[in-house]
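Trainee: Predicted model and sequence follow; I will ask about them next.
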Amino acid sequence: MATRFTKMHGIGNDFVIVDWREDAGRVPNAARIRALADRHTGIGFDQLISIEPSRDASCAFYYGLWNADGSPAAQCGNGVRCVAAWLYRDGVIERNEPVRLESPSGPVTVRVLDDHNVTVDMGEPDFDPARVPLDHAPHATYTLHAGGEEVSFGAVSMGNPHGVVFVDDLADPRIDHLGPLLTAHPIFPQGANIGFVQRVATDRLKLRVHERGSGWTQACGTGACAAAAVSQALGLAAPVVAVELPGGTLTIEWHGPGHTLWMTGPAAFVFEGEV
Ligand SMILES: N[C@H](CCC[C@H](N)C(=O)O)C(=O)O
């Protein structure tokens, strides 16, 4: 049976969105996901996202997430902005209406600002290593050895695991080698999305992310949240910071422990299809 889908992206982090509101609980086959994610023989995407009936009565809908390698994911910042824009275009949510959506890692609240931009309450960053998860006692920063390098990093969960590495220059060729090594490093029992961040100013960061399950992406929404949160926790960034990724810029606002973190940025439609 053919499946209709919508191709979307959030500053170049791209998605196939499927409407499973009549079809809850489907778990797509990992091999099929990999085939559809292939950018030559499939549709091509960083993540597959389903829209389903919510399991939590306080949420309007549930969204399922799978990486290009077929692995399930627990949160997707660029993806949830696209889900919000999709629901707004479908007429089921209004502009400026706060709407709770349920993700695999719990609820977030979205608000469609206009035809192109969405703001999301992503919840509170969680620095407890047990919940990142990270196999280490709690510290402000951590050190590991990979690829012949000693790497210092911060770690935080945005519902999914993140390592954040501060670098002087994002053009450093060692980054290309380190990204995959850190994503798969045993200190991260479930793997991790690894952000390399260059501080431009206290209110501007430049970021590249090697994503667990999808590799280097044009952007990573939870990665931008993680980079901002670690920077702010270390006193290296202001509460409102622009995070510049290869595909575009997100605004992250976080006022420290006890506060939730807001991510604001675009969501774009590319095409509709059937597969
Ligand atoms: N690769 C991530 C999921 C997608 C996150 C990213 N696309 C975002 O916008 O947050 C993980 O396995 O945790």
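Mentor: Done, it's in.

Trainee: buried ones in stretch 88-100?
Mentor: Buried residues in stretch 88-100, defined by neighbour count with 16 or more other Cβ atoms under 10 Å: 88, 93, 99. Glycine gets a C-beta too; all of them are placed from N, C-alpha and C.

Trainee: next one: stretch 177-184
Mentor: Going by neighbour count (16+ other Cβ under 10 Å), the buried part of stretch 177-184 is 178-179, 181-183.

Trainee: And for P28, the neighbour number?
Mentor: Close neighbours of P28, defined as other Cβ atoms under 10 Å, add up to 17.

Trainee: quick one, what contacts it?
Mentor: Listed by Cβ atoms under 8 Å, 6 or more residues apart in numbering, the contact set of P28 reads 48, 50, 66.

Trainee: again with A267
Mentor: By Cβ under 8 Å, 6+ apart, A267 lies in contact with 8-10, 78, 81-82, 84-85, 116-118.

Trainee: just the buried members of those residues?
Mentor: Among the contacts of A267, those classed as buried by 16+ other Cβ under 10 Å are 8-10, 78, 81-82, 84-85, 117-118.

Trainee: re earlier: take the contacts of A267 and write them to CSV, including secondary structure and pLDDT.
Mentor: Putting those into CSV (DSSP: H, G, I helix; E, B strand; the rest coil; pLDDT from 0 to 100) gives the following:
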residue, secondary structure, pLDDT
M8, strand, 98
H9, strand, 98
G10, strand, 98
N78, helix, 98
R81, helix, 98
C82, helix, 98
A84, helix, 98
A85, helix, 98
H116, coil, 94
N117, strand, 98
V118, strand, 98
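
Trainee: for L178, helix, strand, or coil?
Mentor: What DSSP: H, G, I helix; E, B strand; the rest coil gives for L178 is helix.

Trainee: Check R32 too.
Mentor: Applying three-state DSSP: R32 is helix.

Trainee: repeat for the one 3 residues further on
Mentor: Secondary structure assignment for A35 (three-state DSSP): helix.

Trainee: Over to the one 10 residues further on?
Mentor: Using three-state DSSP, the structure places F45 in coil.

Trainee: so what's it up against?
Mentor: With Cβ under 8 Å, 6+ apart, F45 has these contacts: 7, 14-16, 36-37, 68.

Trainee: now that we have those residues, which one has the most neighbours?
Mentor: Of all the contacts of F45, D14 has the most neighbours under the rule other Cβ under 10 Å, reaching 27 neighbours.

Trainee: Could you chop this structure up by domain?
Mentor: According to automatic domain parsing, the chain comprises the domains 4-123+267-274, 142-259.

Trainee: which of these is buried the deepest?
Mentor: domain 142-259 (a mean of 20; mean count of other Cβ atoms under 10 Å).

Trainee: So for it, mean pLDDT?
Mentor: What domain 142-259 shows for mean pLDDT is 98.

Trainee: does any bit of it sit next to the ligand?
Mentor: Yes: Domain 142-259 is in contact with the ligand by Cβ under 6 Å from any ligand atom, via 160, 193, 211-214, 220-222.

Trainee: would JSON lines of these with secondary structure be doable?
Mentor: Listed next are the residues of domain 142-259 next to the ligand as JSON lines, based on three-state DSSP:
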{"residue": "N160", "secondary structure": "coil"}
{"residue": "N193", "secondary structure": "strand"}
{"residue": "E211", "secondary structure": "strand"}
{"residue": "R212", "secondary structure": "coil"}
{"residue": "G213", "secondary structure": "coil"}
{"residue": "S214", "secondary structure": "coil"}
{"residue": "C220", "secondary structure": "coil"}
{"residue": "G221", "secondary structure": "helix"}
{"residue": "T222", "secondary structure": "helix"}
